[in-house]
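Got a predicted structure here, sequence first:
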Amino acid sequence: MIWQTTRFKIDLMSPRVMGIVNVTPDSFSDGGRYADTRAALMHCERLLKEGADLLDIGGESTRPGAVPLPLAQESARVLPVLREALKLGVPLSVDTYKPQLMRAALDLGVDIVNDIWALRWRDGKDPLAANEVIAGYPGCGVCLMHMHGEPRTMQIQPMTEDVLPTVKDFLLQQAHSLELQGVDRSRIVLDPGIGFGKTVQQNFSLLARQTELLDLGYPLLAGWSRKSSLGAIAGLPTGLSLAPGIHERMAPSIAAAILSAERGASIIRVHDVLPTVQALQVLGAIIRPPAEN
């Protein structure tokens, strides 16, 4: 299976690791650490040395309760980093739901748009639609995610039903809608949206039944890294500050990454690249035993 993107055809025969680069002072996980261009680029280089196959760069926190960021501010954070990171020669994703920023990033040559709103968000002051942006750039990749509600309220009023049928129907509808606009299915990846308007139990139900999402016929992205559901199951602190709970979620994050990959996820989106890569190598040794010396 191949993921067609702007500059690269990404081979998904084995799971690929997407390294997270948050260019924001208020990310729940690493806010402020990479909020300037130089620090963000150094982090990009570090993640690549640790084994990341592609990078996902975003400038707006979408943690529960997050307030939307104005376009100008998000663009000022993200575009300088994207411009320089394109020189690294690896697939580059922009994590945004704003059509104007998508267009600016794709004009630079960015490979992928990773959208938590699955191209549904609209700016009441601008008629530009996200799906039209994607359709207008032949070759770029796109990741469509399921989200219940929106970041400010999604965990106040999470979903209440069996989530898998709802998630599955939504993702299929969004993907088919994009294909009707001329976007080839080889450009599309789906993300069930772990933690976005779902309870702890619902998140783990999606993991347990993840193979059912493969029936849709698109590659899956799994985004479990440092999610609060992992901390809840492991009995770790539930706060969103860096100390101490987030770093204590590394081991559960790696476990979830491996379970996701074992259940067919093609892209694993993570903060902790090196240990995830090492764990995937162990999984790979089981699936494809190393040759005898």
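Received it, and whenever you're ready, just let me know what you need.

could you pull out the helices for the stretch 101-250 of the chain?
Ranges of helices within the stretch 101-250 of the chain are 130-135, 163-180, 200-208, 210-213, 228-234, 250-262, based on DSSP state H, counting those that start in this stretch.

Sketch out the low-pLDDT regions of the stretch 1-150 of the chain for me.
Filtered on pLDDT under 70, the stretch 1-150 of the chain yields the residue ranges 26-35.

check contacts around Ala261.
When contacts are counted by Cβ atoms under 8 Å, 6 or more residues apart in numbering, Ala261 touches Pro15, Ala222, Ile268, Leu280, Leu283. From N, CA and C alone the C-beta is placed, and that goes for glycine too.

Render the CA-only coordinates of the helix or strand hosting the third one in PDB, please.
Secondary structure assignment for Ile268, by DSSP states H and E: strand 267-270. What follows is the C-alpha trace of strand 267-270 in PDB, where atoms were taken according to Å, rounded to 0.1, in the frame of the first residue of the first chain:
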ATOM      1  CA  ILE A 267       1.100   5.400  10.600                       C
ATOM      2  CA  ILE A 268       1.900   5.800  14.200                       C
ATOM      3  CA  ARG A 269       1.900   9.400  15.400                       C
ATOM      4  CA  VAL A 270       4.200   9.900  18.400                       C
END
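
elements contacting it?
strand 16-22, strand 221-222, helix 250-262, helix 273-287 (3 or more Cβ pairs under 8 Å, 6 or more residues apart in numbering; DSSP states H and E).

could you dump those to CSV with distance to Ala135?
Output for these, formatted as CSV (distance: least, Cβ to Cβ, whole Å):
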stretch, distance to Ala135
strand 16-22, 23
strand 221-222, 21
helix 250-262, 29
helix 273-287, 32
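
circling back to that earlier point, of the contacts of Ala261, closest to Val189?
For these, the minimum distance to Val189 (Cβ to Cβ) is 10.6 Å, reached by Ala222.

in the sheet, who's paired with the closest one?
Ile268 (DSSP bridges).

pretty sure Met104 is touching Ala76, no?
No Met there; residue 104 is Ala. No. Look at Ala104 against Ala76 with Cβ atoms under 8 Å: they stay out of range, at 11.1 Å.

Same drill for these two, tell me which one is more crowded.
Higher neighbour count among Ala104 and Ala76: Ala104, with 19 against 12, using other Cβ atoms under 10 Å.

For Val133, see how far away the more buried one is.
As judged by Cβ to Cβ, to the nearest Å, Ala104 and Val133 stand 10 Å apart.

again with Phe170
Taking Cβ to Cβ, one finds Phe170 at 20 Å from Val133.

Endpoint to endpoint, stretch 83-92 covers what distance?
10 Å (Cα to Cα, to the nearest Å).

So Phe170 and Val133 - more neighbours on which side?
Val133 (23 against 20).

Does Thr62 lie in a helix or a strand, and which?
Judged by DSSP H and E, Thr62 forms part of no helix or strand.

show me where the stretch 1-150 of the chain has strands.
Applying DSSP state E, counting those that start in this stretch to the stretch 1-150 of the chain gives strands spanning 2-4, 9-11, 16-22, 54-58, 92-95, 112-115, 141-145.
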